[in-house]
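Trainee: Need a 3D model of the sequence below.
(2 chains)
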Amino acid sequence: MGMYRDRPDSVSGLVRDREVHRDVYVNPEIFEIEMEQLFRNVWIYVGHDSQIKNPGDYLTTEIGRQPILAVRHSDGSVNVLHNRCPHKGVKIASESCGNTGKFFRCPYHAWSFRTDGSLLAIPLRKGYDGTGFADTRAAKGLARVAAVANYKGFIFARLTATGPDFHEYFGESLSTIDNLVDRSPEGKVAICSSPIKYMHTCNWKMLVENQTDTCHPMVAHESSAGTAIKVWDREKDDSGETPMAVQVYAPFASPYEFFEKAGIRVWPNGHGHTGVSNSIHAKYSGVGGYVERMEEAYGPEKAHAILGQVRHNTVYFPNVMVKETVQILRNFIPLAVDKTLVESWVFRLEGAPDEFYRRALMYNRLINAPTSIVGHDDLEMYERAQEGLRSNGTEWVNLQRLYEDDEGADDTAVINGTSERQMRNQFAAWAKYMTLNMSGKAQ
Amino acid sequence: MTPERIAEFIYREARTLDLMQWDEWLGMFLEDGRYWMPLEWQQTDPELEPSLMFEDMLLLKVRVERLAGERTFSQKPKSRCHHLLQAPQILSIDSEQGKCSARTSFLYSETRGDALERFSGWATHELVETDGGLKISLKRIDLINFDAPFGNIQLFM
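Mentor: From the prediction side, this is the model:
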């Protein structure tokens, strides 16, 4: 018998005010419970509706361990369905995306389903006459995911029928998605290409924590950002223009004071972001014609307010990060207790110059790719942590930087940018949603 | 500009990488040369479609210099690499313009500590004749599984 299943007190006990137990990163049972409980109880990112523009377009993904598909129906609506034939369990769609036409057809026995999930036809249907088939779960077709929200094109789903409402769950954190969308003069963003995928042999939460860890860049990325600065200083020409790639790399070497002043904002339910008043993305050189297009679309005041928001990383708990300034969404997909697939998606700002898309794609390959030197620095640290946590020297991980006694678990607050409070915020939400629907008695 | 000379150049380039003679390797590129790893099948645009790498000499120099850095922890211990090449297929020779291109099927291995990762694909070289001999204007690496999630790739294919 496991130590944690159906024992909410034992699970909650892994999270203290200022530290967490290593089992949250290394214990396979905890990982299984995360998939069964946490990822079922909260809103999980499914995809963007520009990926399924036309009727019959679909994409496949997983929520926790459950195969899911999202499909555009003939009436234009998006349906999020369990990717499992109600007959024998075969996955209906196996590719990451495609177009299924007017219906899905199971490749095993040719049961077919409309793109709203309803059962269309079964071969030799007479064989079910008089068997009470009409009353079965199978007769209803592909099961729908309990709760779906399409927020400005960003599709999220929750597997449990009851739970936090979408807006209640994300609250003010949606302001980052708002800003990303607003940065398009047409108020529209789209995914036009595949994500960069990067396999990490570490627990998924290490990656999420790192998104708001502002005390690591000047240390871990000295090797990449520091070298980029050094090489550019030596090689630079007299043009006075710093290449975009150097503008991307160099701010990773910014000193502690920079991040302290930039600030962190925490929101309820584990969401939060770095870069409140300044960020490593704030000083990128302008793109000709863009500000004018924004002013035309929104009026000067609103346009400058939109562009003045330069947040660094916004964490959508549990496993998504959005950068509005370079139009990137990173999805940290847990595969095993020590294995995480990172998909980094780039959005195109409709109506903005191509230069923005070029820049976002460049950022993605320089920072988020398996060929990224910044990525190499980070993955090395995660892997060492995954190994180091086996040590019995201590079983606890320290997260107490700038801890304050009056921190509420579900507060909204703006704090010093080198605080580890957003990590504490995530773990408070983690404990809450791990145990929300957990059966078992308090011990 | 003969097929033999082009092949010899491509073999020498691979040998330079296997021997980790990075500066000599960088010297085989034109000043405005590029190293490109596409992320799409038969990709045509390196910048408006996603690529794994599309680097000029400045960025390649950053990589090479980082490999030797005192605080480059992902290179402790240092990675090694091995190129197994098929004979290059000459795609074009334009002696008048001093340009040629070749496609070379490869197996590539890279170590990280005790682990060894293998990759398969095709390298396409676009070469230019200069006073200093042949130089690379573009080296393009197409992996057969470009769309799969990889762990760290730290050296050069």
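
Trainee: now chain B, which segments are flagged as low pLDDT?
Mentor: Residues of chain B meeting the criterion pLDDT under 70: none.

Trainee: now the strands for it?
Mentor: Taking DSSP state E, the strands of chain B run over residues B:29-38, B:51-55, B:81-85, B:89-94, B:99-112, B:115-130, B:133-143.

Trainee: got it, and the stretch 251-400 of chain A?
Mentor: Taking DSSP state E, counting those that start in this stretch to define them, one finds strands in the stretch 251-400 of chain A at A:264-266, A:272-274, A:314-316, A:320-323, A:328-336, A:339-349, A:396-398.

Trainee: mind checking which of those strands is nearest A:Gly101?
Mentor: Across the strands of the stretch 251-400 of chain A, A:Gly101 has its closest neighbour in strand A:339-349 (25.8 Å, CB to CB). C-beta coordinates here come from the backbone N, C-alpha and C atoms, glycine included.

Trainee: before we move on, what SS does the residue in the stretch 201-350 of chain A positioned nearest to chain B have?
Mentor: Among the residues of the stretch 201-350 of chain A, A:Ser223 lies closest to chain B, at 4.0 Å counting by CB to the nearest CB. Recorded secondary structure, A:Ser223: helix (DSSP: H, G, I helix; E, B strand; the rest coil).

Trainee: if we can go back for a sec, most tightly surrounded among the strands of the stretch 251-400 of chain A?
Mentor: strand A:314-316 (a mean of 28; mean count of other CB atoms under 10 Å in any protein chain shown).

Trainee: Go through the longest helix belonging to chain B and flag the buried ones.
Mentor: What stands out as the longest helix in chain B, according to DSSP state H, is helix B:3-18. Using 16 or more other CB atoms under 10 Å in any protein chain shown as the test for burial, helix B:3-18 gives B:Ile6, B:Ala7, B:Phe9, B:Ile10, B:Glu13, B:Ala14, B:Thr16, B:Leu17.

Trainee: Surely the fifth one touches B:Trp25?
Mentor: Yes. Using CB atoms under 8 Å, B:Glu13 is in contact with B:Trp25, at 6.9 Å.

Trainee: Tally up the residues packed near the nearest residue to B:Phe9 once chain neighbours are set aside, please.
Mentor: Computed as CB to CB, 6 or more residues apart in numbering or on different chains, the closest residue to B:Phe9 that is not its neighbour in sequence is B:Leu134, at 4.8 Å. Residues contacting B:Leu134 under the criterion other CB atoms under 10 Å in any protein chain shown number 21.

Trainee: Name the residues of chain B found near chain A, please.
Mentor: B:37, B:39-40, B:47-54, B:58-59, B:61-63, B:65-66, B:69, B:71-74, B:147-154 (CB under 8 Å from any CB of the partner chain).

Trainee: bridging residues for the residue in the stretch 101-250 of chain A that chain B sits nearest to?
Mentor: When scored by CB to the nearest CB, the stretch 101-250 of chain A has A:Lys197 as its residue closest to chain B, at 3.6 Å. Beta-bridge partners recorded for A:Lys197 (DSSP bridges): A:Glu343.

Trainee: mind checking how far it is from A:Arg72?
Mentor: Noted for A:Lys197: a distance of 24 Å to A:Arg72, by CB to CB, to the nearest Å.

Trainee: Likewise for A:Ala282?
Mentor: Taking CB to CB, one finds A:Ala282 at 37 Å from A:Arg72.

Trainee: same question, A:Pro107
Mentor: A:Pro107 is 21 Å from A:Arg72, by CB to CB.
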